[in-house]
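A.B. asks: Quick one, fold the following:
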Amino acid sequence: MHPITDALPDSLCYLDGSYTALRDAKVSVLDRGFIFGDGVYEVVPVYGGSLFCFDEHMARLDRSLSELQIKNPLSHAEWRAVAIRLIDAAPSAVRAGMQGVYIQVTRGVAPRDHAMPQGLTPTVFVMVNPMKPVPEAVRAKGVACVSAQDFRWQKAHIKSTSLLGAVLARQISVEAGAAETIMFRGDWLSEASSSNVWVVKRGAVFGPPRDELVLAGIRYGLIERICADAGIPFTLRRIARNEVFDADELLLSSASKEVLPVVTLDGQTIGTGRPGPIYQALHAGYEQAKARSTQDNGVTA
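C.D. replies: Modelled structure (predicted):
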């Protein structure tokens with residue numbers, strides 16, 4: 001056995017209406033998620049036992065399922081109840097830290113055929129994983145990234161389980177010893193392998209537009225709100241390659257990275273080569289949003 005498979009956790013998970021140990025959970029080899037990647041997923045961050053931006057994640061789950069013509073098998077309240085039960089089942093030391101509720105819905109089990117069969121029962125899977133926060137030393141220094149052409153499909157706005165393109169893109173940065181792979185479609189910025197990308201110029205924040213070429217992360221709305229609260233101009237528009245390399249600051253955002261400063265891209269220094277004031281303001285606003293979330297949910301982090 002490989003040491004990774006030997007170390008599979010025995011934490012509680014949810015599969016098709018039942019709660020079971022994660023290492024014992026099984027799905028059919030004819031599940032269309034396994035055969036075709038015919039499914040969608042979400043990862044909801046959890047801080048100190050409190051779900052973060054849960055409603056926004058549910059709204060995106062609805063949109064992704066609608067694109068695949070799969071009816072959401074659970075109500076938002078039912079998804080929340082499953083998530084809370086799994087969070088509560090974790091050891092207290094795990095609950096005190098940062099976690100991620102992973103939700104996956106596939107079209108279900110059927111004989112292998114590319115056409116989408118009607119009337120299938122979707123496969124529903126939920127688990128909770130510990131998430132490693134970015135160390136403060138890394139935040140203080142910033143990270144290095146590399147660039148690549150965006151060779152993925154044209155429906156990046158669907159949070160699909162078909163992630164081979166993202167896997168290949170991420171491997172580029174792994175092999176370069178970098179934190180992320182920032183991608184361009186032609187000369188235009190799209191996103192990173194598992195993050196959104198933000199350009200800061202003259203005190204304003206710019207991001208690619210919400211369209212089919214970008215998975216608009218939950219942090220799209222969150223960063224827009226933080227910018228509004230801080231009086232920072234915020235605009236979504238097409239961003240050219242030269243603007244990215246000429247940025248005063250370059251930022252990544254995702255559930256696990258939250259907001260993270262990029263200080264070099266392809267070995268070229270971005271801005272001053274240090275995390276800048278806009279990053280500091282967005283990071284502070286993000287921390288405030290997390291604190292409000294735990295308070296609103298009656299949880300002491």
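
A.B. asks: if I pick the closest residue to residue 278 other than its chain neighbours, what's in contact with it?
C.D. replies: The shortest distance from residue 278 to any non-neighbouring residue, by C-beta to C-beta, 6 or more residues apart in numbering, is to residue 200 (4.6 Å). No exception for glycine: its C-beta is placed from N, CA and C like everyone else's. For residue 200, the contacting residues are 206, 247, 248, 249, 250, 251, 271, 276, 278, 279, by C-beta atoms under 8 Å, 6 or more residues apart in numbering.

A.B. asks: any idea which helix or strand comes after the helix or strand where residue 200 lies?
C.D. replies: Of the helices and strands defined by DSSP states H and E, residue 200 is found in strand 196-201. As assigned by DSSP H and E, the chain's next helix or strand after strand 196-201 is strand 204-207.

A.B. asks: which residues are contacting the helix or strand where residue 168 lies?
C.D. replies: According to DSSP H and E, residue 168 maps onto helix 164-176. For helix 164-176, the external contacting residues (C-beta under 8 Å, 6+ apart) are 37, 145-146, 148, 150-153, 179-181, 183, 192-194.

A.B. asks: What's the ChimeraX syntax to select whichever of the residues you listed are buried?
C.D. replies: To isolate the buried ones among these in ChimeraX, judged by 16 or more other C-beta atoms under 10 Å, type:
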select :145,146,148,150,152,179,180,181,183,192,193,194
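
A.B. asks: Where helices are concerned, which of the contacts of helix 164-176 count?
C.D. replies: In helices, defined here by DSSP state H, there are no members of the contacts of helix 164-176.

A.B. asks: residues contacting the closest residue in space to residue 183 that isn't next to it in sequence?
C.D. replies: Residue nearest to residue 183 in three dimensions, not counting chain neighbours: residue 150, with 3.8 Å by C-beta to C-beta, 6+ apart. Neighbouring residues of residue 150 by C-beta under 8 Å, 6+ apart: 169, 183, 184, 185, 190, 191, 213.

A.B. asks: hmm, 6 Å instead?
C.D. replies: Neighbour list for residue 150: 183, 185, 190 [criterion: C-beta atoms under 6 Å, 6 or more residues apart in numbering].
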